[in-house]
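In: Need coordinates for the following:
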Amino acid sequence: MLVGMALGAFLGFYDVARTELLALSMALSMSAPMVGWMRLRRHSWRASNEMAAAMIVPAIALCPLLWWGLISDDTLIGLQHVLMLPAMLAVMVYRRTDFGL
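Out: Residues are numbered from 1 along each chain as shown. Now for the predicted structure:
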């Protein structure tokens, strides 16, 4: 995930005018290498896609709060990253056998 973030910044993926696009580009740039790593470690496509969704869904879910003026741009980005972790943990607990829990 960190490699994806660094590569996204290096390639200019985060030079966008709208916060929603920034949040989605950050989620996607972290998800792509994570899915690659999971596939390399022989996780199923289902498990890999569920984990990627756990990273992308928080960004999508927070966008209406931004549009309605309930949160600021910075709050959206911060909450997105904070919510990714429990979302990924929820996927790991739900699919315990896939993740060795």
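
In: Going by C-alpha atoms from here, please, whenever you check contacts or count neighbours.
Out: Fine.

In: Now do the residue nearest the centre of the chain against Gly69, distance only.
Out: Centroid-nearest residue in the chain: Met55, 2.5 Å away (criterion: Cα atoms, centre = their mean). According to Cα to Cα, to the nearest Å, Met55 stands 23 Å off from Gly69.

In: next one: the worst-scoring helix or strand of the chain on mean pLDDT to chain centre, how far?
Out: Every helix and strand in the chain was compared by mean pLDDT, DSSP states H and E; the lowest is helix 2-10, with a mean of 75. Mean-position distance between helix 2-10 and its chain equals 13 Å (Cα atoms, centre = their mean, to the nearest Å).

In: what's the angle between whichever helix or strand comes after it and helix 2-10?
Out: Later in the chain than helix 2-10, the nearest helix or strand by DSSP states H and E is helix 19-40. On the basis of axes from the mean of the first three to the mean of the last three Cα atoms, to 10 degrees, helix 19-40 is oriented at 140 degrees to helix 2-10.

In: how about helix 19-40: buried residues?
Out: Within helix 19-40, the residues scored as buried using 16 or more other Cα atoms under 10 Å are 19-35, 38.

In: For that helix, name the packing helices and strands.
Out: helix 2-10, helix 45-67, helix 73-94 (3 or more Cα pairs under 8 Å, 6 or more residues apart in numbering; DSSP states H and E).

In: if we can go back for a sec, and the pLDDT for the residue nearest to the centre of the chain?
Out: Looking at Met55, its pLDDT stands at 92.

In: That one is in contact with Ala87, isn't it?
Out: Yes. Between Met55 and Ala87 there is a contact under Cα atoms under 8 Å: 7.2 Å.

In: picking that back up, list the buried residues for the least confident helix or strand of the chain?
Out: Buried residues in helix 2-10 (16+ other Cα under 10 Å): 4-5, 8.
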